[in-house]
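**Student:** I would like to see how this sequence folds:
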Amino acid sequence: MVRMHTSSSGIPAGESGATGLAKAMSPGVVDYLFRQLVAGRPPEDVQWEQEGISLAAQPEGAELARRLAETDIDALTPVELFHYVRAAQRLSSWAEDLRQAAVGRYCHPPAEVQRSAGHRTP
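**Tutor:** Coordinates of the predicted model:
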């Protein structure tokens, strides 16, 4: 069921120039928060955190990249979206460190690699 949220004037919220958090949340998040409120549960999805390692605790690497790629960001609550962005930033920084290490190795190879390269003929 699709719910149309309206302002006090009866105009749909999206058309009344709504600002703030309500405007930033996707319909899926609004629906989730509504169901949590009706059921008397907290707005945070605590079961999601109990099912496994959280994004905040997931070490940088392939598994974190996979989890980020498979996440439907439109379904995240604002708190989950915050943790998603932080995890993506950590992964990006980790990947940049790998790139810089590889470039450094390429530009300044170890002495034994330089010696063996000098014995080759073109």
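
**Student:** mind listing the strands for this structure?
**Tutor:** Counting by DSSP state E, one finds no strands in the chain.

**Student:** That one - how does it break down into domains?
**Tutor:** 1-43, 53-122 (automatic domain parsing).

**Student:** Lowest mean pLDDT across those, which one is that?
**Tutor:** Among those, domain 1-43 carries the lowest mean pLDDT, at a mean of 59.

**Student:** count of neighbours near R41?
**Tutor:** 12 (other C-beta atoms under 10 Å). (C-beta placed from N, C-alpha, C; glycine too.)

**Student:** For it, give me its contacts.
**Tutor:** Applying C-beta atoms under 8 Å, 6 or more residues apart in numbering to R41 gives no contacts.

**Student:** just the helices in this protein please.
**Tutor:** 21-24, 27-39, 46-50, 62-70, 78-107, 111-118 (DSSP state H).

**Student:** gap between the nearest residue to R86 once chain neighbours are set aside and Y84?
**Tutor:** Using C-beta to C-beta, 6 or more residues apart in numbering and skipping the chain neighbours, the partner closest in space to R86 is A56 (6.6 Å). Separation of A56 from Y84 (C-beta to C-beta, to the nearest Å): 10 Å.
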